[in-house]
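[1] Sharing a model that was predicted from the sequence below.
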Amino acid sequence: MASVPNKILISSQQDDVRLDNFLSKEFLLPKNLIYKEIRKGNIKVNKKKKKYSYRLKSNDEISICLLYTSDAADEGLGVDLGGRRI
């Protein structure tokens, strides 16, 4: 397994949006997957675990580190994060 860290910097237009809603809209992911990854600590804000209901602030940095296997990547399975398939 490998992990691919991704970082997203929050702009002023995305200020006061809930973390789960931002990720769901930005990456078209189901919320149950988002909740699971937040609970596991694979999605952090400013290098700290936050609740899914956390309201993002301007200049917050979201770190996403999801695990995947090379088999899943070969089959086209995974999550598309900003043009990068993981």
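    Yep, that arrived.

[2] can you give me phi and psi for the closest residue to residue 17 other than its chain neighbours?
    The shortest distance from residue 17 to any non-neighbouring residue, by CB to CB, 6 or more residues apart in numbering, is to residue 56 (5.3 Å). In this view, the C-beta of every residue, glycine as well, is placed from N, C-alpha and C. When read as degrees, to the nearest 10, the backbone of residue 56 gives phi -70, psi 150.

[3] Residue 15 is in contact with residue 56, correct?
    Yes - applying CB atoms under 8 Å, one finds residue 56 in contact with residue 15, separated by 6.6 Å.

[4] More neighbours: which of the two?
    Just comparing residue 56 and residue 15: by other CB atoms under 10 Å the higher neighbour count belongs to residue 56, 21 against 13.

[5] which regions of this protein sit below the pLDDT cut-off?
    Residues of the chain meeting the criterion pLDDT under 70: 1-5, 67-86.

[6] all helices for it, in order.
    In the chain, the helices defined using DSSP state H lie at 19-27, 31-40, 70-74.

[7] Select, out of the ones you listed, the one closest to residue 11.
    The closest of those to residue 11 is helix 19-27. By CB to CB, the value is 11.1 Å.

[8] burial count for residue 26?
    14.

[9] Relative to residue 15, how far out is it?
    14 Å (CB to CB, to the nearest Å).

[10] Surely residue 18 touches residue 52?
    Yes - the criterion here is CB under 8 Å, and residue 18 meets it with residue 52 at 7.3 Å.
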